[in-house]
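A.B. asks: Model the following, please.
(one chain, ligands or ions: 1)
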Amino acid sequence: MSTVITSVDQLNFKRSELKPMTAPSKVMMVEPTYYDVEYVINPYMKNQIGAVDKIQARNEWEHLRDGYKELGFKVDVLDGREGFPDMVFCANQSLPYISPEGDKHVLMSIMKADQRKGEVPFIEQYYRRKGYAIHHIESETVESFEGMGDALWHFKHGLIWGAYGFRSSLEVYDQISELFDVPVIALELQREEFYHLDTCMCVLNEETVLVYSDAFTAQGMDLISAMFDTVIEATAYEAENLFAVNAVSPDGLNVLIQQGCTDVNQKLRDAGFYVHEYSTYEFLKSGGSVFCMKMMLW
Ligand code: ARG
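C.D. replies: Sure, this is the predicted structure:
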């Protein structure tokens, strides 16, 4: 049985009634060896072909990797692959899940752009080595699904926030709900600058979310407000130019975020979070930042 909710009147559960989920303790990242902007599949990539400073990108990536280590996370690093310049954005090729009994599962993505489809089997090999049960989308009804770019776990709870409109098809969420036996709250994205859910929604902890509300429909914002006690809003400038919402709170207390998000950072501190700023300028050229450059695992 699947539960996919698209409006507040369909919400038939409270947060406290959801099944519990272990918080992640590991991070997977992909080396930026072959990272570049070689094609245009989102508005940020326009005019950036060949504009990546490789040395600077490597510095930024290593600094971010070390940040996870400092916070006590074990970091697994995979090799990048020649010909796949976007593979460094390893939030996109999969959606992992851990059951209350500790069984690890992963659903592999179907990337929207042909240029990225070949990344998925490489990421799948990693999960196979780690002993995950591997699942694939039944593709008759689903055109594409971009993993944790569009499907976010509610911190420590068996609930998925799933976006559709640009990179993922609404139809995938029936399969996800059924496969992991969790409800999905589906949100339509309406602005191409916010083409993935992780560009406009960041689940900080059980009660708190950071959003850029312009990216959502009124119905979507109502759903978000119904499930979180505190909704922090990013300004248009920081959401679009600094990818402020593509932040991550790996432990529900510390937040890693692109440098310079003054307004959001103040709001985060006021809400009790510790803010750590990282430069991801070379990755902003490709339409990605902190959140998309990692996968949180158990
Ligand atoms: N250039 C990549 C793309 O357009 C960037 C992906 C960023 N990832 C993310 N989850 N927002 O697919």
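
A.B. asks: Residue in the stretch 1-150 of the chain with the shortest distance to the ligand?
C.D. replies: residue 149 (3.5 Å; CB to the nearest ligand atom). Placement of C-beta: from N, CA and C, glycine included.

A.B. asks: In contact with that residue, which residues?
C.D. replies: 89, 91-92, 167-168, 196-198, 292 (CB atoms under 8 Å, 6 or more residues apart in numbering).

A.B. asks: can we see that at 10 Å?
C.D. replies: 89, 91-93, 95, 109, 111-112, 163, 166-168, 195-199, 246, 288, 291-292 (CB atoms under 10 Å, 6 or more residues apart in numbering).

A.B. asks: quick one: it from residue 297, how far?
C.D. replies: Noted for residue 149: a distance of 16 Å to residue 297, by CB to CB, to the nearest Å.

A.B. asks: could you pick out which of the contacts of residue 149 are near the ligand?
C.D. replies: 89, 91-92, 196, 198-199, 288, 292 (CB under 6 Å from any ligand atom).

A.B. asks: Is residue 135 in a helix, a strand, or coil?
C.D. replies: strand (DSSP: H, G, I helix; E, B strand; the rest coil).

A.B. asks: re the thing from before, what pLDDT is listed against the residue of the stretch 1-150 of the chain closest to the ligand?
C.D. replies: In this model, residue 149 is scored at 98, pLDDT.

A.B. asks: related to what we said a few turns ago, and the ones next to the ligand among the contacts of residue 149, which is closest to residue 79?
C.D. replies: residue 89 (15.1 Å; CB to CB).

A.B. asks: doesn't residue 167 make contact with the closest one?
C.D. replies: No - with contact defined as CB atoms under 10 Å, residue 89 does not reach residue 167; the gap is 11.5 Å.

A.B. asks: so what sits against both of those two?
C.D. replies: Joint contacts of residue 89 and residue 167 (CB under 10 Å, 6+ apart) are 116, 146-147, 149, 196.

A.B. asks: Check those and tell me the two furthest apart.
C.D. replies: Of all pairs drawn from the shared contacts of residue 89 and residue 167, the widest gap by CB to CB lies between 116 and 196 and measures 12.3 Å.

A.B. asks: shared neighbours of the two, which are they?
C.D. replies: Joint contacts of residue 116 and residue 196 (CB under 10 Å, 6+ apart) are 89, 92, 146, 167.

A.B. asks: A helix includes the first one, no?
C.D. replies: No - Residue 89 is assigned coil when assessed by three-state DSSP, not a helix.

A.B. asks: okay, residue 116 and residue 196: which has more neighbours?
C.D. replies: Using other CB atoms under 10 Å as the criterion, residue 116 and residue 196 rank with residue 196 on top: 29 against 22.

A.B. asks: any idea how far that one is from residue 9?
C.D. replies: Residue 196 is 27 Å from residue 9, by CB to CB.

A.B. asks: Once you drop chain neighbours, what's closest to residue 273?
C.D. replies: In this structure, residue 273 finds its nearest non-sequential neighbour in residue 255, 4.8 Å apart by CB to CB, 6 or more residues apart in numbering.

A.B. asks: Can you verify my assumption that that neighbour contacts residue 265?
C.D. replies: Yes - counting by CB under 10 Å, residue 255 touches residue 265, with 8.3 Å between them.
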